[in-house]
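>>> Curious how this folds, go ahead:
(3 chains)
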Amino acid sequence: MTHATATANMMHPPAPAEPGSGVYSNKLGMWIFLASDVMFFTALIGSYIILRFGMSEPWAAPGAVLNVPLTGINTFLLICSSVSMVKAYAAIVDGKKYFLRPVPGRLLRDGGLKFWMLVTIICGAMFVGVQVVEYFKLVQHGLTPAGFREGSHFAEVALADPAKYGAATAGLFGSTFFTMTGFHGFHVTCGVVSMLYLYFTKVLPEKYSPQDYRGIETIGLYWHFVDLVWIILFTIVYLI
Amino acid sequence: MHWWLPTAASTFAGPIDGLFLAILIITGIALVIVEVGLVWFSVKYRARPGRKAFYTHGSTRAEVIWTAIPAVTVVALGLVSNHYWVQIKGRNSVPPNAYAIGVHVKQFEWQITYPGPDGQLGTGDDFTLRNQLHVTVNQPTVVRLTSEDVIHSFYIPQFRIKQDAVPGLTINAWFQATKTGEYEIGCAELCGMGHYKMRARVFVHTPEEFNAWMAQQAAGGSE
Amino acid sequence: MTSVAHAKPGAHDAHHAPMSFWRKYIFSTDHKIIGIQFLFVSLFFLLLGGLLAMQIRWQLGFPGKPMPGGGILPEAMTSGGVILPEYYIQLVTMHGTFMVFFAIMPLLMGVYANFLIPLKIGTHDMAFPRLNMWSFWLAFTAGLIMVAGFFVPDGAARAGWTMYAPLSARPDLSGATYGQLVWCVSIVVLGLSSVLGSVNYITTVINHRAPGMTWFRLPLSVWAIFITAILAVLALPVLQGAAILLLFDQTIGTHFFDPIAGGQALLWQHLFWFFGHPEVYILILPAMGMVSDIIANGSRKPIFGYHSMVFAIVGIAFLGWIVWGHHMFMSGMNPTLGSTFMVSTLLISVPSAIKVFNWLGTMWRGNLKFTVPMLNAVAFVSMFTIGGLSGVFMAATPVDMHIHDTYFIVAHLHYVLFGGSLFALFAAIPYWYPKMFGRMMSEAIGKWHFWLTFITYNLVFFPMHILGMNGEMRRLYDPTQYEFLKPQQPLREFITIAAFSLFAVQILFFFNFLWSLKRGKKAELNPWQDNGLEWSLPSPAPHGNWDRPPNVYRGPYEFSAPEAGNADFLPQHVKLPTDRDPAAATAPAPAPAH
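Here you go, the predicted structure:
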């Protein structure tokens, strides 16, 4: 795999330059951007924690308002998309630019970059789709950013069992729920759109190679970050 | 024209003004050193033909000295400040015998609730006045601050007391006036269009005057 | 030497064909053009902020009197030319907002981070030139949105540049139906611009330094800008988060900051100041860095204590994250928390003091040349010292009880932001002007501007300490409502007249800046006889900067070094017979390790 000076390996910073981070600029830039995104979610999640645990009244019990099983499956889907992202990355490192290729002696064909990238995009898009459906259902049943809508399903069950449904804290429940998951969903959508863009402009025309797959690694970092944020959100919003 | 701190009319003014003066002296010395240094160097080392600058990259000894002295100074300042801070604002700083008055702040006035002749806030003989705070000299007073709408700030410059009134919180602020007379409350947090006209009058009475005023209020007068 | 056939990441290779005017000057990806774009736009906002300040001063100096020209403003703002209270609080809010977010921050970072980093570290452009262009246009858009605040129904935001909730969250309580919303949207867009810009600055400094430009050979301007970019990339997103929560409270019925529905008013303050304190260090550190470069140059001596200066910058940046509560001592926050913030706040004065002493040490036994940049840089040290020392009064919490939210704070913040940052900019702008535009600004006009500004500026802001000591609260439309403030009216009037003079004097600066673009003396390569890499390039610097990055043999402050011989400066890129080429210059491309 070692070429002399014929084709430069873009995975290392080009000389001459002072040895910097040892990491090419796109990747370094993405790490720094992710640090800023951590701060953004920290502001939102930190506010949620302060508000929720600053209240003397009970918060809605886990599963009372939100559909934990469905979102659990959705979480699994997102994790799968991270796995497929890793597979896509491994594929291009090995130069597998193709979609699927039969392997002698094996039942399943071998997936290349085009296949695994597509799986990631589809899983990501499905995650957003399920979230949108979940939002629709919640709003229909009466959960809004301002709390339980008057006369709605949630308002009624909250009257019957105020502690379980967090009737007193419904306003903040709705506010924090939609804000945190909404911005996360926005980040996932941006990721899906970016991956689609790369898919059509670089992956399909086979512009990535083992000497230059910076875009894959960079978007992969972003994707794993988005997944990690979701795992945290799922735990503190749905499970606790 | 006032060129200095206002009249000192509470027990807080002594420590606060003293601390202010101490800081003024310390920072004043630092300021003189720096400014005189700048002017002196500017004159003494100005460029002249044939002169060359002294080539040096610094001095570790100098760095240690001018790091240690400011560090020690600010630590000392911190210890002294904290001592008074705890006395003035600490969780347990309100004197047990403090006379409690309710101050409910709203856009754009101070609603001040007095405990009435029985001296207990929250009983039937309480009464509320707008924009008038009456207290007794040399007696600890605690103001229970609440806000109706936005953040305001209870500030009496001559008492050196300031405390924000925050909607959703009840905050106690105590003081002890030391001079009879009339003062003013100013709102010290931008609270809207009428922020500038949230003026209230403060009356510091002798115990006899205060009791007389209280009796008059209880009898139905409201001025 | 063996040259690796690498594609220089998006530098000048694609641009050898002649570019259209739009591509070259409007949608440019050249860091120098982008820096200049920021310069023009930010100077406009500086002027706008100043105009708002003049109106504030009119009302404070001559309360209730019709303002000259006030008649052109709509009835909602002035009545017969007299400024109305609802307009006054818009003025104080927008003055602070424009000055902090659209003047000083972009002048220091948007202009000088962009212009100086690639030139001073020896590379062609930023790591991500197109992203850089987006940074500028996002900032420009944010500025337009913010200006629009004055033109929406009911006018601009009016809860102070600090936007405390619930006042800012409730249009029914503030009177601003759309203005506060516009503020939030603008800030979110600006935050993105800052974050993207900072990603660029940080990546470029880490990965694109020329051979031999090791970390401890970087000029302090680059160190300061680099550390500031780290602060920005971590702090701005918190403000964006806060602004979004506020926006939602204003529009979609959330209750983050409304205690009636379980929200917490203090939550806004914590979020805002967690951003806000690093922000004020963002507003001073680049200024300190550039002043270091200019004072070393003007003294013809190395910076005294270079390593300490670097550690002081890092120390200030690090401590800056744990002092935010000192803006909230009176807020109702737990007093024990107040004690901890007092300690960290007092400590942060130490690295700043170290820097001031090191600047003095640099001037000591130097050979001082008082050009316009040097005059302004020395004034920076003088004024910043006053501003920094006045901060000690606030750090002592009992004293803060008296001076919080008074004109003492206004004096302090203007001493550090104007006396500090703006004087630093008055030094930096003429200093790097030749490299930007190929001409010199007039020294004569510059000196008149300096002295008149220095005098009038102190006449405006020093007396504010006195007003604050007396207890004069901030953001008061009419202080004469209070008996204890009435006697201070002569001083307020004095300040107003000084302020008008200060503003008028700035005509000299703007005239000098604009006139010199076409009529300034043509600049040579290195008019200040400085050591930085940028001075080895023509004035103005060409697109792509160098064909090949230069080699760096020494630090940036080798003035009057013995090796320099008769000259009193020794540029970083000049190779002496005793120098060896830096290792990175001859290293082959590393083998792929995956």
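
>>> C:Met464 contacts C:Ile495, correct?
Yes - the criterion here is Cβ atoms under 8 Å, and C:Met464 meets it with C:Ile495 at 6.9 Å. Placement of C-beta: from N, CA and C, glycine included.

>>> which residue sits closest to the residue of chain B at minimum distance from chain C, ignoring its sequence neighbours?
Nearest residue of chain B to chain C, counting by Cβ to the nearest Cβ: B:Gly168, 2.5 Å away. Setting aside the residues directly before and after it, B:Gly168 is nearest to C:Pro259 in space (Cβ to Cβ, 6 or more residues apart in numbering or on different chains), at 2.5 Å.

>>> Repeat that for C:Ser221.
Using Cβ to Cβ, 6+ apart, the closest residue to C:Ser221 is C:Gly289 (4.0 Å).

>>> So what's the gap between the helix or strand where that neighbour lies and the chain middle?
Assigned by DSSP states H and E, C:Gly289 belongs to helix C:285-299. Helix C:285-299 sits 14 Å away from the centroid of its parent chain (Cα atoms, centre = their mean, to the nearest Å).

>>> so what secondary structure elements neighbour it?
Using 3 or more Cβ pairs under 8 Å, 6 or more residues apart in numbering or on different chains; DSSP states H and E as the contact test, the elements touching helix C:285-299 are helix C:112-121, helix C:220-251, helix C:306-319, helix C:335-363, helix C:372-395, helix C:423-437.

>>> residues contacting the closest residue to chain B within chain A?
Residue nearest to chain B within chain A: A:Gly54 (9.9 Å; Cβ to the nearest Cβ). Contact analysis of A:Gly54 by Cβ atoms under 8 Å, 6 or more residues apart in numbering or on different chains lists C:Gln264.

>>> Make sure the residue nearest to C:Ser221 is actually in contact with C:Ile313.
Yes - between C:Gly289 and C:Ile313 there is a contact under Cβ under 8 Å: 7.3 Å.

>>> Now do the shared contacts for the two.
C:220, C:223-224.

>>> sorry, back to before: my guess is the residue of chain B closest to chain C is in a strand, correct?
No - going by DSSP: H, G, I helix; E, B strand; the rest coil, the assignment for B:Gly168 is coil, not a strand.

>>> right, and it touches C:Leu267 too?
No - using Cβ under 8 Å, B:Gly168 is not in contact with C:Leu267, being 10.4 Å away.

>>> Alpha carbons only: can I get the helix or strand where B:Glu208 lies in CSV?
Element membership of B:Glu208, judged by DSSP H and E, is helix B:207-218. Extracted C-alpha coordinates of helix B:207-218, given in CSV (Å, rounded to 0.1, in the frame of the first residue of the first chain):
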residue,chain,number,x,y,z
PRO,B,207,-38.4,54.0,68.0
GLU,B,208,-40.9,56.5,69.4
GLU,B,209,-41.6,58.0,65.9
PHE,B,210,-42.0,54.6,64.4
ASN,B,211,-44.4,53.4,67.0
ALA,B,212,-46.4,56.6,66.6
TRP,B,213,-46.5,56.1,62.8
MET,B,214,-47.5,52.5,63.2
ALA,B,215,-50.3,53.4,65.6
GLN,B,216,-51.5,56.0,63.1
GLN,B,217,-51.5,53.5,60.3
ALA,B,218,-53.4,51.0,62.3
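
>>> quick one: average pLDDT of that helix?
Helix B:207-218 shows a mean pLDDT of 94.

>>> what packs against it?
strand B:127-130, strand B:132-136.

>>> mind redoing it with 7 Å?
Contacts defined by 3 or more Cβ pairs under 7 Å, 6 or more residues apart in numbering or on different chains; DSSP states H and E place helix B:207-218 against strand B:132-136.

>>> The following helix or strand past the strand it packs on and chain C in contact?
Following strand B:132-136 in sequence order, the next helix or strand is strand B:140-147 (DSSP H and E). No - judged by Cβ under 7 Å from any Cβ of the partner chain, strand B:140-147 and chain C are separated, with a smallest distance of 8.3 Å.

>>> average model confidence for strand B:140-147?
97.

>>> Relative to that strand, what are the paired strands and their orientations?
Strand B:140-147 sits in its sheet next to strand B:99-106 (parallel), strand B:171-176 (antiparallel), going by DSSP bridges.

>>> what are the pairing partners of the helix or strand following the longest one, and which direction each?
For strand B:99-106, the succeeding helix or strand toward the C-terminus, using DSSP H and E, is strand B:109-114. Paired strands of strand B:109-114, with direction, are strand B:99-106 (antiparallel), strand B:127-130 (antiparallel) (DSSP bridges).

>>> what kind of secondary structure is residue 122 in?
By default, I'm working from chain A. helix.

>>> From A:Leu100, how far out is it?
15 Å (Cβ to Cβ, to the nearest Å).

>>> same check, this time on C:Phe101
C:Phe101 is 52 Å from A:Leu100, by Cβ to Cβ.

>>> swap in A:Ala64?
For A:Ala64, the distance to A:Leu100 - Cβ to Cβ - is 45 Å.

>>> Equivalent analysis for C:Pro487, please.
Applying Cβ to Cβ to C:Pro487 and A:Leu100 gives a distance of 87 Å.

>>> Quick check: phi and psi at the closest residue to A:Ala146 other than its chain neighbours.
With Cβ to Cβ, 6+ apart as the criterion, A:Ala146 has its nearest non-adjacent residue at 3.2 Å, and that residue is C:Gly253. With angles defined as degrees, to the nearest 10, C:Gly253 shows backbone torsions of phi 80, psi 10.

>>> which residues does C:Gly253 contact?
Counting by Cβ atoms under 7 Å, 6 or more residues apart in numbering or on different chains, C:Gly253 makes contact with A:144-146.

>>> Go through the residues you listed and name the one nearest chain C.
A:Ala146 (3.2 Å).

>>> mind listing what that closest one touches?
Contacts of A:Ala146 by Cβ under 7 Å, 6+ apart are A:171, A:174, C:253-254.

>>> For the residue of chain B positioned farthest from its centre, which three-state class applies?
Going by Cα atoms, centre = their mean, the residue of chain B most distant from its centre is B:Gly50, 57.3 Å out. In three-state terms, and counting by three-state DSSP, B:Gly50 is coil.

>>> what stretches of the chain score poorly on pLDDT?
Reading this off chain A. The model of chain A has pLDDT under 70 over residues A:1-16.

>>> wait, chain B
Checking chain B against pLDDT under 70 turns up B:221-223.

>>> So in it, which helix runs the longest?
helix B:13-44 (DSSP state H).

>>> Could you give me the buried positions within the next helix or strand after that helix?
Downstream of helix B:13-44, the next assigned helix or strand under DSSP H and E is helix B:60-89. Residues of helix B:60-89 classed as buried by neighbour count (16 or more other Cβ atoms under 10 Å in any protein chain shown): B:62-63, B:66-67, B:70-71, B:73-74, B:77-78, B:80-82, B:84-86, B:88-89.
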